[in-house]
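J.: only geometry, no sequence info:
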């Protein structure tokens, strides 16, 4: 039985936090989201996902710093926030976009959430979502899923 105290299951909320933390770390270290996910690795991502209900109660700066240091993540030169010429979506906004896409991929590909997370962040769609000067990050979740599945932006 799923823990369903709110509108979403607690695991959906855990995925939302995990994706939001990934975005927060990416902004803080100026790395692409793909680089953050790959540097953190599967074990740390699983830990974040499994303990998200604990981590979300803590200060996100401290939590992110702990994972940055533990993984040996270096500062990059990708700054999509600085490059954005429009309203900047929050890390929570982007976390929600990724959460929906990852859930869709996991359902469609009949895979676990963590595997789907790695597939999504390592796909072309991730770079498109992270271009805040495009419209991709606020597209309909079903459209993003179809683009991912087709491995191209659908016109």
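T.: Nice, thanks for sending it over. In this text, all values refer to a predicted model and were calculated from it rather than measured experimentally.

J.: where does the protein dip in pLDDT?
T.: Along the chain, segments meeting pLDDT under 70 span 1-6.

J.: how does it look with 80?
T.: Residue ranges of the chain with pLDDT under 80: 1-8, 84-86.

J.: tell me which residue is most central in it.
T.: The centroid of the chain falls nearest to residue 19 when counting by C-alpha atoms, centre = their mean (3.1 Å).

J.: where does that one fall, helix, sheet strand or coil?
T.: Of the three states, residue 19 takes helix according to DSSP: H, G, I helix; E, B strand; the rest coil.

J.: that one against residue 102, yeah?
T.: Yes: contact status for residue 19 versus residue 102: in contact at 7.0 Å, counting by C-beta atoms under 8 Å. C-betas here are computed from N, CA, C, even on glycine.

J.: shared neighbours, those two?
T.: residue 117 (C-beta atoms under 8 Å, 6 or more residues apart in numbering).

J.: now do the contacts for the residue nearest to the centre of the chain.
T.: Going by C-beta under 8 Å, 6+ apart, residue 19 touches 94-99, 102, 117.
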